[in-house]
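**Q** With the sequence up front, the predicted model follows.
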Amino acid sequence: MPKPLPIQFQATDLAALAGQKGRIAVLSEPGQPASPAFRRLDRLTKGALGRAAASEAFGKLKPGEALDLAFPPGIAAEAVQLIRLPKKADQAQARKAGAAVGKTHGAAGSLVLAEAHPRAADIAFGLALRAYEFDSHKTGEKTVPGPVTLMAARPEAVARAAAPMAAVAEGVFFTRDLVNEPANVLTTHDFAARLAAMQELGLDVEILEEEDLTRLGMRALLGVGQGSESPAKVVVMQWHGGPKGEAPFALVGKGVVFDTGGISIKPAAGMEEMTMDMGGAAVVAGVMRTLALRKARANVVGLVGLVENMPDGRAQRPGDVVRSMKGDTIEVINTDAEGRLVLADVMWYAQERFKPRGMIDLATLTGAIIIALGHENTGVFSNNDDLCNAFLAAAKAEGEGAWRMPLGEAYDAKLKSRIADMMNVGGRDGGAITAAQFLQRFVKPETPWCHLDIAGTALLKSDSTLAPKGATGWGVMALDRLIRDRFER
């Protein structure tokens, strides 16, 4: 699996500019004094850099955007990227600037002249995130990315600031890899094995098999996977970085490795994207990896329910009634509303076993949230203003779009069943809300809880600022930030 590019941090060496064979990125801003590196490159390129910086095209760029000078005269570099970035740039602008380098990084390598920029670590982080590529299943000769060197006035200080960001980047990559994998590779067996391998990072990992789930009474979850050859599993990952005996914070993820819709089968067009229906579990896994890599000083437990929703002769039918671990009965109206059945049992198990100080679940749960919010924001539902506001603040700080959606008793009426305690769907109108309302029935009153519907943000059909098209890794940065800000001392 790909890992973030290693970045070397070095003191600024103006003498090395002429011989750099890859790409050189230099920061500038109209109206600000030229940096020493800029002046050196301008002389080497016989004034080409200065003319580019004075051009109308550069003046129209937004902070973080780049203008390329291909094969400039006087130096060996294949290109010089002139990136507009003021000294007072914010975090998002600095990461965007780094992403401009990462997007074009190639075999010859990249040299980034950050000099004394206060956001140098964020520039490196943006570069690492955008340089991601998922090519595990492509044959033929592959381009090996060249080295990345970031030159700064105080390289040791920048390296220290960048170290925890490198752990986050690896967690994001892990999440993206999982979401991008095809379902014939990422079976429930393979998924569980990849999580079990994280024991070498210091996580305690436990895999609950179908017999364990049957004994626990997780029949809502088991019903989803009963039509598949891949057995259902629940994986529990624990990170013990906080005070001994302190209740953990819980993260719960939906891990449907492929979703045909079951007997309520989906249309063929676009079904190939349902390899991403385990996106919630992937984010939980990426966060847990990040916490272990950066040795987070908090107690966190991540639980994921892994199933495959297939329509064979044993598959769950519309009209079936299943009993959850909690004991409530559920009439299955639509077998394609399966994620909430998985989460209901795993969330209840998390609360029964760990008595968490709070809980957040993540799921690619509804198409309705995409209708409501598009692909810019994750839908956030919560029973606790304090936790919800803390998460929204963390998401905003990390540039990950999130928007709070309503809950309310009036929506419960839509889930009323004639023959069971509830139905698993409540109709098309307010579909994302009734799904969250369903999940809230499996949250104990004393548990602060947020539900994150990431159906619109987990995978994109076009590039974003920090990721190529495909899996985004949305949520790893925000949740890591929440844990750092709220639970670590």
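**A** Received the coordinates, thanks.
**Q** how about the helix or strand harbouring A163: buried residues?
**A** Here A163, judged by DSSP states H and E, is contained in helix 155-180. Under the neighbour-count criterion of 16 or more other C-beta atoms under 10 Å, helix 155-180 has 155, 158-159, 161-162, 164-180 buried. For glycine as for every other residue, the C-beta is placed from the backbone atoms N, C-alpha and C.
**Q** Then stretch 43-63?
**A** Within stretch 43-63, the residues that count as buried by 16+ other C-beta under 10 Å are L44, T45, A48, L49, G50, A52, A53, F58, L61, P63.
**Q** ditto for stretch 238-247
**A** So stretch 238-247, judged by 16+ other C-beta under 10 Å, has buried residues Q238, W239, G241, G242.
**Q** Just the strands from the stretch 251-400 of the chain, written as ranges.
**A** Remark: strands assigned in the stretch 251-400 of the chain by DSSP state E, counting those that start in this stretch are 299-309, 321-323, 329-331, 358-363, 378-382.
**Q** how close does D42 sit to T329?
**A** 74 Å (C-beta to C-beta, to the nearest Å).
**Q** hang on, I meant A124
**A** For A124, the distance to T329 equals 53 Å [C-beta to C-beta].
**Q** neighbour-wise, which of these two wins?
**A** The neighbour count for A124 versus T329, taken as other C-beta atoms under 10 Å, is higher for A124 (31 against 16).
**Q** Listing request: residues of this protein with sub-threshold pLDDT.
**A** 1-2 (pLDDT under 70).
**Q** can you rerun that using 90?
**A** 1-3, 5, 16, 19, 31-33, 71-72, 140-144, 427, 489 (pLDDT under 90).
**Q** Would you map out the domains in it?
**A** 7-154, 169-486 (automatic domain parsing).
**Q** and stretch 377-397, C-alpha only, in PDB?
**A** Output of stretch 377-397 as PDB, limited to C-alpha atoms (Å, rounded to 0.1, in the frame of the first residue of the first chain):
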ATOM      1  CA  ASN A 377     -20.300  18.600   3.500                       C
ATOM      2  CA  THR A 378     -20.800  15.600   5.700                       C
ATOM      3  CA  GLY A 379     -24.100  15.600   7.500                       C
ATOM      4  CA  VAL A 380     -23.700  15.800  11.300                       C
ATOM      5  CA  PHE A 381     -26.500  14.700  13.700                       C
ATOM      6  CA  SER A 382     -26.100  14.800  17.400                       C
ATOM      7  CA  ASN A 383     -27.900  14.400  20.800                       C
ATOM      8  CA  ASN A 384     -25.300  16.600  22.500                       C
ATOM      9  CA  ASP A 385     -24.500  20.300  21.600                       C
ATOM     10  CA  ASP A 386     -21.200  20.300  23.400                       C
ATOM     11  CA  LEU A 387     -19.800  17.300  21.500                       C
ATOM     12  CA  CYS A 388     -21.300  18.400  18.200                       C
ATOM     13  CA  ASN A 389     -19.900  21.900  18.400                       C
ATOM     14  CA  ALA A 390     -16.500  20.500  19.300                       C
ATOM     15  CA  PHE A 391     -16.600  18.300  16.300                       C
ATOM     16  CA  LEU A 392     -17.800  21.000  14.000                       C
ATOM     17  CA  ALA A 393     -15.000  23.200  15.300                       C
ATOM     18  CA  ALA A 394     -12.400  20.500  14.600                       C
ATOM     19  CA  ALA A 395     -13.700  19.900  11.100                       C
ATOM     20  CA  LYS A 396     -13.600  23.600  10.300                       C
ATOM     21  CA  ALA A 397     -10.100  23.900  11.700                       C
END
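**Q** Next, count neighbours for S230.
**A** Neighbours around S230, by other C-beta under 10 Å: 19.
**Q** Was I right to think it contacts D190?
**A** No: using C-beta atoms under 8 Å, S230 is not in contact with D190; the gap is 9.2 Å.
**Q** Give the other helices and strands that the helix holding A163 contacts.
**A** With contacts taken as 3 or more C-beta pairs under 8 Å, 6 or more residues apart in numbering; DSSP states H and E, helix 155-180 sits against strand 7-11, helix 120-130, helix 279-293, strand 470-471, helix 476-486.
**Q** Which of those sits closest to A455?
**A** In terms of C-beta to C-beta, the element of the helices and strands packed on helix 155-180 nearest to A455 is helix 279-293, at 8.1 Å.
**Q** What helix or strand is the nearest residue to P356 once chain neighbours are set aside located in?
**A** Counting by C-beta to C-beta, 6 or more residues apart in numbering, A250 is the residue found nearest to P356 once chain neighbours are left out, at 3.8 Å. Element membership of A250 [criterion: DSSP H and E] is strand 249-259.
**Q** ok, that strand: who's next to it in the sheet?
**A** In the sheet, strand 249-259 lines up against strand 299-309 (parallel), strand 358-363 (parallel) (DSSP bridges).
**Q** what sits up against the last one?
**A** Among residues not part of strand 358-363, those counted as contacts by C-beta atoms under 8 Å, 6 or more residues apart in numbering are 249-254, 279-281, 283-284, 339-340, 343, 347, 350-351, 384, 387, 391, 439, 443, 447-455, 475, 479.
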